[in-house]
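Peer 1: After the sequence you'll find the predicted model.
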Amino acid sequence: MVKVKICGITRPEDAEFAVRMGADYVGVILYPKSPRFVLPEDRKEILRASEGAVKVAVFVNPTLEEVFSAFEEGFDLVQLHGEEEPGFAYKCGIERVIKAFRVGKKPPDIEEVWKEAHGVLLDTYSEKAYGGTGKVFNWELAKAVARKGFRLFLSGGLKTENVKEAVLKVRPYAVDVSSGVELELGVKDKIKVESFIKEAKSL
Ligand SMILES: O=C(O)c1ccccc1NCC(=O)[C@H](O)[C@H](O)COP(=O)(O)O
């Protein structure tokens, strides 16, 4: 069964609900320029409420110190959503890394070395934001990546209405969603979270 990652969590109650509904991964944004950035003092409660799921700290081009500090805080994995190279991931502990690639018109050229990572995440390229865009990219490109044997987290514009089709077409290891299950920026909608997880896992 496909795994589900609910990303961009900013409130403990949203984390707790997502885990209760069956989310396998919970993502918290540690990139200060994101509108979903969570301050260090607010992360403890979210981490506590996420018990039972894999806790992912989402970064864009972090320093190594920031990565290790996230592990010390209690995050299990880091998601590297910027231009990070394999050498940096090795220093983090590559098996604790989800490496994100943003897909535009061209197919992503993903080095074999990323098979050593916990996973690779494909998201939609945008000039305006690194993530949480709510936009879908061409799933044919994702299909090719899954076929090459990468542990794929499919992301970008997923929602209850399209997640089943995405899983059937791409056959990813996991699906990742943020804005598709929001009521407003950073606030998750219980009905959408529940229906998304149910749909994804119904196959
Ligand atoms: O969500 C953000 O604001 C964000 C900012 C910077 C880097 C990554 C970010 N989100 C990462 C995610 O994993 C999202 O779930 C992913 O981009 C999909 O978002 P959406 O299309 O809204 O489902």
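Peer 2: Cool, got the structure. Numbering: from 1, shown residues only.
Peer 1: quick one, strands of this structure?
Peer 2: 3-6, 25-29, 54-59, 77-80, 97-103, 119-124, 152-154, 174-177, 182-184, 187-188 (DSSP state E).
Peer 1: Given the first one, what are its sheet partners and their directions?
Peer 2: It refers to strand 3-6. Neighbouring strands of strand 3-6 in its sheet, by DSSP bridges, are strand 25-29 (parallel), strand 174-177 (parallel).
Peer 1: From Tyr125, how far off is the nearest residue to Glu83 once chain neighbours are set aside?
Peer 2: Using Cβ to Cβ, 6 or more residues apart in numbering and skipping the chain neighbours, the partner closest in space to Glu83 is Asn61 (6.1 Å). Where C-beta positions appear, they are placed from N, C-alpha and C, glycine not excepted. Asn61 sits 16 Å away from Tyr125, taking Cβ to Cβ, to the nearest Å as the criterion.
Peer 1: So for these two, which residue has more residues nearby?
Peer 2: Tyr125 (17 against 13; other Cβ atoms under 10 Å).
Peer 1: check contacts around that one.
Peer 2: Arg102, Val103, Gly104, Phe137 (Cβ atoms under 8 Å, 6 or more residues apart in numbering).
Peer 1: can you list these in TSV and add pLDDT and neighbour count?
Peer 2: Formatted as TSV, those follow (pLDDT from 0 to 100; neighbours: other Cβ atoms under 10 Å):
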residue	pLDDT	neighbour count
Arg102	93	21
Val103	91	19
Gly104	88	13
Phe137	93	22
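Peer 1: Just give me the closest of those to the ligand.
Peer 2: Checking the contacts of Tyr125 against the ligand with Cβ to the nearest ligand atom, the nearest one is Arg102 at 8.5 Å.
Peer 1: Give the bridge partners for the closest one, please.
Peer 2: Asp123.
Peer 1: mind listing what it touches?
Peer 2: Arg102 makes contact with His81, Leu122, Asp123, Thr124, Tyr125, Ser126, Tyr130, Gly131, according to Cβ under 8 Å, 6+ apart.
Peer 1: rerun that using 7 Å as the cut-off
Peer 2: Asp123, Thr124, Tyr125 (Cβ atoms under 7 Å, 6 or more residues apart in numbering).
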